[in-house]
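Participant: Predicted model follows, preceded by the sequence.
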Amino acid sequence: MKHSEIKNRIIETASSLFYKNGYNSTGINEIISEAGIAKSTLYAHFRSKEDICIAFLRFKDKNFNINMEEFTSSKPKGKSQILAIFDFLELFYNSEDFNGCWSIKTVSEISGNSETIRNEIQNQKNKFIQFITKLVTTNLDNIKEAQINSLSRKIYLLYEGAVVESYLHQANWPIKEAKDLCSILLK
């Protein structure tokens, strides 16, 4: 098997385990066993569990960004594209493997010393705010430049709150309510 295929299998296995069971509850030996590899193979690709965590976060973020971009761009131009982020979230919530936000779950488990993981998550969340900013900029005509960043961050907070609360309550009402609030913001 090719070097890149083995690395991808490790990342996919770790991603599944970290997302389902949590970062702290998933051990290196469990990743090795589930991936069907030797310990030396894992360490040939990753120096530490933290390095595997960064790969997991990037893997999840890459897939999220591709899917979110495709979904929102398939909607009619205007407010519908912005509100589509909540429709996307509802589809994700209704999927079999919804287990909340992988980034928020991970950051809640790491110690204050893991600046590398925290920085990776902050970068990903900032990229998502930039994506929302792009949606706002390209889909709203009568918005002043000074309002764009504030509106984008408000929408981001609604989205993130909806993710957390839908997971906590095991219900989709937080997503629906967040979408309704966003719709009010966009008037």
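Facilitator: Alright, I've got the coordinates.
Participant: only C-alpha atoms for contact and neighbour calcs from this point on.
Facilitator: Noted.
Participant: Look at the residue nearest the centre of the chain and report its pLDDT.
Facilitator: Closest to where the C-alpha atoms of the chain average out (C-alpha atoms, centre = their mean) is Asp61, at 5.2 Å. In this prediction, Asp61 carries a pLDDT score of 96.
Participant: Can you list the low-confidence ranges for this protein?
Facilitator: 1 (pLDDT under 70).
Participant: Could I get the full set of helices for it?
Facilitator: In chain order, the chain shows helices spanning 3-21, 28-35, 39-45, 49-73, 79-94, 102-109, 115-139, 145-169, 173-185, with DSSP state H as the criterion.
Participant: got the buried residues for stretch 113-132?
Facilitator: For stretch 113-132, a neighbour-count test (16 or more other C-alpha atoms under 10 Å) marks Ile117, Arg118, Glu120, Ile121, Gln124, Lys125, Phe128, Ile129, Gln130, Phe131, Ile132 as buried.
Participant: Dump the C-alpha coordinates for that stretch into CSV.
Facilitator: Taking C-alpha atoms only, stretch 113-132 is exported to CSV below (Å, rounded to 0.1, in the frame of the first residue of the first chain):
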residue,chain,number,x,y,z
ASN,A,113,-0.9,24.0,27.0
SER,A,114,-2.0,22.8,23.6
GLU,A,115,-1.6,26.0,21.7
THR,A,116,-1.0,24.2,18.4
ILE,A,117,-4.5,22.6,18.5
ARG,A,118,-6.2,25.8,19.7
ASN,A,119,-4.5,27.8,17.0
GLU,A,120,-5.6,25.3,14.3
ILE,A,121,-9.2,25.5,15.6
GLN,A,122,-9.2,29.3,15.7
ASN,A,123,-7.8,29.5,12.2
GLN,A,124,-10.6,27.2,11.0
LYS,A,125,-13.3,29.2,12.7
ASN,A,126,-11.8,32.4,11.3
LYS,A,127,-12.0,30.9,7.8
PHE,A,128,-15.6,30.1,8.4
ILE,A,129,-16.3,33.7,9.4
GLN,A,130,-14.5,34.7,6.2
PHE,A,131,-16.8,32.4,4.2
ILE,A,132,-19.8,33.9,5.8
